Structure formats: structure tokens, C-alpha cells
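Asks: build me a model:
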Amino acid sequence: MKKQVYLWCSLLLLAGCKTSKPLPPGVSGAQDGTFRIALGSCNDTDRENFLWDDILSLKPDLWIWGGDNIYADTGDRDSLRAFYKAQKQIPGYLALEQSTPIIGTWDDHDYGLNDAGSEFEAKARSQQEFLTFMGVPENSPRRRQEGVYTSHTYSLPGGSVKVMVLDTRYFRSPLTRDPGGNKRFIPNPEGEGTVLGEAQWAWLERELRKSGADFNILVSSIQVLSGQHGFETWGNFPHETRRLLQLIADSGARGVFVLSGDRHISEFSRTATPPLAYPLVDFTSSGLTHAYTGFRGEPNPFRVGDVVSTESFGYLVLDFNANRAIFRIVGDGGEILGELAQQY
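Replies: So this is what the prediction gives:
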């Protein structure tokens with residue numbers, strides 16, 4: 001499917017350890033008190049990339065990669081570089097790069113090994129290639145930091161948005177295989193292991209507690225709330241999930257929600273997070289080029305609405321005037337496959 005693409009405003013590709021920039025005049029958020037974000041994950045350069053025209057047609061103010069941005073499954077730098085080059089040569093993505101700021105995180109297949117965590121020996125080399133793909137300068141502190149986590153703040157006339165990009169790979173402890181074979185993984189013994197590692201935990205606490213943004217977004221390549229399906233999830237480390245929810249509740253940050261990927265399905269999850277006056281939403285958007293079309297169901301007590309098991313991307317409208325976020329799952333042709341509105 002082809003559409004005529006109009007490039008509407010040349011914006012800088014955001015890079016570096018931390019970004020805080022007002023958006024240039026002419027973008028949607030500067031005009032009507034909203035900020036529009038598109039996001040996606042699970043993108044294979046060897047498959048048809050057919051959603052970029054739909055993404056471009058919505059003219060997002062920001063694109064967020066949720067991980068598995070390529071399917072390399074290697075720690076070889078030359079191979080990684082070739083996969084990233086192939087992604088940048090896809091016309092629709094090239095047009096997005098030229099019109100829209102791009103940020104994001106990685107997951108296992110661009111990290112370099114399926115289901116891998118801290119034990120992956122090539123992770124430092126993989127990090128450098130990922131940062132190059134994301135346009136991070138060679139002299140950025142992120143080049144010397146362990147892990148790809150970072151934050152970006154966007155200031156507009158109506159308010160501000162802070163995006164905290166987490167790294168759920170570099171420090172993540174080994175997973176526990178299900179000895180019964182009913183699931184791929186089961187939760188680690190209580191208190192054992194970490195998702196973020198202590199350095200990243202300390203960073204995240206500082207970022208949340210000092211944030212004055214109207215909306216605070218956590219980007220996690222794996223799901224936070226849905227933890228019973230037996231694949232990769234924060235639920236494999238229950239004590240880390242509780243720690244994250246407690247930090248969000250105690251931080252005082254406004255309008256916090258999670259964006260996640262990995263699963264080749266898209267869904268909304270939501271749970272109460274006292275003492276916050278609003279529930280925590282985990283919006284899973286996956287995948288861009290291939291989906292879990294054989295999905296027949298799995299437990300998720302926090303699910304809101306139906307699971308989407310066809311190719312899709314995420315689209316958010318953050319409304320500063322109404323203190324509201326509208327989350328949408330969007331498919332080919334711009335079809336809205338799911339929607340959730342949350343008041344903050």
C-alpha cells in the first residue's frame with residue numbers, strides 16, 4: 001500500500017544522555033494543546049514494512065521505538081550495522097526520520113540474543129551500534145554509560161512531557177525456566193534477581209521524583225502489568241514489579257503510564273496504584289511487521305478491552321487542557337483496533 005507522504009516540519013533527531021527541548025512552531029502540540037506520540041516494536045527488515053505510511057499520515061510529534069527494532073540476534077558489530085542500515089533504507093522510515101524526532105529502547109533481538117539479559121557477552125558492542133542507529137553523538141555520555149536508559153523532556157506552551165526510556169536487558173538477571181514445560185519461564189524465587197540493576201534504579205528514582213512534567217512516560221521493552229503468560233515480563237521478578245509500582249506511587253510524579261512491546265500482540269492493562277488518584281496504564285504495542293496471529297488467549301487480570309493479534313502500532317494523544325491521555329491501537333489503513341481514555 002502506498003500513500004503520498006507530506007513532510008511537514010524538519011525536526012532534529014534527539015540524542016544524548018538527556019534531552020530537554022521545546023518543539024518548533026508548526027507541530028500539532030504547539031497548536032492545540034496536545035502532544036501526539038506514535039510507537040511500535042517488533043520490526044523485521046526482512047518482512048514487509050507496510051505501516052510506515054499510516055504512521056506518517058498521523059503526523060506524530062514523536063516516534064518511540066519499544067524494542068526489537070531489528071531482528072539481528074547477533075553480537076557481531078558488522079552484522080548489526082548491516083541490519084540497522086537496512087532499516088534506515090526503508091522509504092517510509094526514512095521519511096519518518098526526516099520529519100519526526102525518534103527515541104526508544106531495545107529488546108532482545110536488537111540487543112543480540114533471544115531472551116538475553118546481563119549474561120550476554122557482546123552487550124557493550126551492541127549498545128554502541130544501537131546508539132549509532134538512534135543518532136547519539138560519539139561524544140555523548142551515553143556512549144560511556146552501561147545500558148541505554150535515558151530521559152527526554154518536551155516543553156510546549158500547554159505543558160510538558162517527560163519520557164524515561166528504560167533498559168530491561170543490560171542488567172537483567174537470568175530467568176527461571178519452567179521445569180514442567182507448561183510455560184517458557186516462571187517467576188524467580190522471591191527477592192532474587194533484578195530487572196534494572198541498582199544504578200538504573202537510582203537514576204529512575206531521581207528522574208521521577210524531580211519531574212515537573214504533566215505526563216511522565218516509562219518505556220519498558222517488556223510488559224510491566226501482564227505477568228502470568230509465561231514469556232518475558234516484569235512478572236518474572238515480582239519484587240521488582242512491586243518496587244516499580246511503589247516508586248511510581250511515592251514519587252509524586254504526575255500522569256505516569258507505561259509503554260511496552262515485545263509480545264507480538266497489542267493490549268491495554270490497568271491497575272489501581274494507591275495513593276495515586278489515577279490507575280497505572282501499561283499500553284503494549286507490538287508488532288509492526290509480524291504478530292501473534294495464533295493467539296487464543298492468556299491470563300491477564302489487568303486487561304482492558306480485547307487483545308489485538310494483528311500487525312499494529314500505537315498512537316497517543318496527550319491533552320494538556322483536559323489532563324487526559326487517549327491511547328489507540330492502529331492497524332493497516334489507519335483502522336483503530338482499540339482505544340482507551342485515561343483521565344489524570
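
Asks: just to check, Phe231 is in contact with Arg263?
Replies: Yes: with contacts counted by CB atoms under 8 Å, Phe231 reaches Arg263, the gap being 6.9 Å. Every residue, glycine included, has its C-beta placed from N, CA and C.

Asks: who touches both of these two?
Replies: When contacts are counted by CB atoms under 8 Å, 6 or more residues apart in numbering, Phe231 and Arg263 have no shared neighbour.

Asks: neighbour count winner among those two?
Replies: Arg263 (26 against 19; other CB atoms under 10 Å).

Asks: leaving out the residues flanking it, which one is nearest to the more buried one?
Replies: Ser286 (5.0 Å; CB to CB, 6 or more residues apart in numbering).

Asks: quick check on Ile326: phi, psi?
Replies: Torsion angles at Ile326 (phi, psi; degrees, to the nearest 10) stand at phi -110, psi 120.

Asks: beta partners of it?
Replies: Legend: beta-bridge partners of Ile326 under DSSP bridges are Val317, Ala341.

Asks: report the buried residues of stretch 316-327.
Replies: 316-320, 323-327 (16 or more other CB atoms under 10 Å).

Asks: over to stretch 192-208?
Replies: 193-197, 200-201, 203-204, 207-208.

Asks: Tyr292 and Ala272, how far apart?
Replies: Using CB to CB, to the nearest Å, Tyr292 is found at 28 Å from Ala272.

Asks: the two: which has the busier surroundings?
Replies: Tyr292 (18 against 11).

Asks: give me the below-cutoff pLDDT ranges for the stretch 101-250 of the chain.
Replies: For the stretch 101-250 of the chain, no stretch has pLDDT under 70.

Asks: strands of that one, start to end?
Replies: Counting by DSSP state E, counting those that start in this stretch, the segments of the stretch 101-250 of the chain that form strands are 102-104, 150-156, 159-165, 176-177, 185-186, 215-220.

Asks: by contact count, what packs against the third one?
Replies: Packing partners of strand 159-165 (3 or more CB pairs under 8 Å, 6 or more residues apart in numbering; DSSP states H and E): strand 62-65, strand 102-104, strand 150-156, helix 198-209, strand 215-220.

Asks: so what touches the fourth one?
Replies: For helix 198-209, the surrounding residues in contact (CB under 8 Å, 6+ apart) are 146-147, 149, 151, 162, 164, 166-167, 171, 194, 196, 216, 243, 247-248, 251-253, 256.

Asks: which of the residues you listed are buried?
Replies: Neighbour-count burial (16+ other CB under 10 Å) is assigned, among the contacts of helix 198-209, to 147, 149, 151, 162, 164, 166-167, 171, 194, 196, 216, 243, 247-248, 251, 253, 256.

Asks: how near is the residue nearest to Arg263 to Asn216?
Replies: 22 Å.

Asks: likewise Phe133?
Replies: Distance, Phe133 to Asn216, by CB to CB: 25 Å.

Asks: still on that earlier bit, which pLDDT value belongs to the residue nearest to Arg263?
Replies: Listed pLDDT for Ser286 reads 98.

Asks: for burial, what's the neighbour tally of it?
Replies: Counted with other CB under 10 Å, Ser286 comes out at 31.

Asks: isn't it right up against Trp65?
Replies: No: under the criterion of CB under 8 Å, Ser286 is not in contact with Trp65, lying 11.4 Å apart.

Asks: and for those two, which residues touch both?
Replies: By CB under 8 Å, 6+ apart, the residues touching both Ser286 and Trp65 are 40-41.

Asks: please verify my assumption that Leu244 contacts Gly235.
Replies: No: contact criterion CB under 8 Å: Leu244 and Gly235 do not qualify, at 11.3 Å.
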